[in-house]
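# everything below, folded, please.
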Amino acid sequence: MRRAIECVIDGGTITFDPSLTDGIGNDTILLTSGFIKISKNINIIQTATSIPKIKAVGNTGPIFTIDGSKTLTLNYLDLFSGTNMNNRALQNNGNLVLENITIHEKTGIVGTGTTFTNMGNVSILGNVSIVVDP
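Okay, here's the model as predicted:
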């Protein structure tokens, strides 16, 4: 994921190979070494038939941090928050477009800190939800 974001051109689009979402557990990208910084305009676009998961492991988080004046567009992804206190899923200082996104929180974490911090602009399209997993 990090490498794809480093390589994509400003304004470019990243899509996942449909084989990534095989339905038997090989559809999750584990984020184990800190947040992914978005310092250019990027689209991460999927389809309703292939929804990959991006999971912050342990105290890692947020998943994405968006720089001021940059835009991150996310479409058809499942984001799994880490367990740190603040910005567990997203920290937006620029422009964020969420379309058909599910953010998963863990029981016992909800109500402490923040799942999402917004200091910029957010557009919500389609079905966007935060759910609590056991």
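
# and the helix or strand of the chain with the lowest mean pLDDT, what does it pack against?
Sorted by mean pLDDT, DSSP states H and E, the helices and strands of the chain end with strand 28-31, the least confident at a mean of 85. Applying 3 or more C-beta pairs under 8 Å, 6 or more residues apart in numbering; DSSP states H and E, one finds that strand 28-31 contacts strand 53-56. Glycine gets a C-beta too; all of them are placed from N, C-alpha and C.

# other SSEs contacting the strand it packs on?
Secondary-structure packing of strand 53-56 (3+ C-beta pairs under 8 Å, 6+ apart): strand 28-31, strand 71-80.

# immediately after the least confident helix or strand of the chain, which helix or strand?
The helix or strand immediately downstream of strand 28-31 is strand 36-38, counting by DSSP states H and E.

# pairing partners for the helix or strand following that next one, with directions?
Toward the C-terminal end, the helix or strand that comes next after strand 36-38 (DSSP H and E) is strand 42-45. The sheet places strand 42-45 alongside strand 12-14 (parallel), strand 71-80 (parallel), with pairing taken from DSSP bridges.
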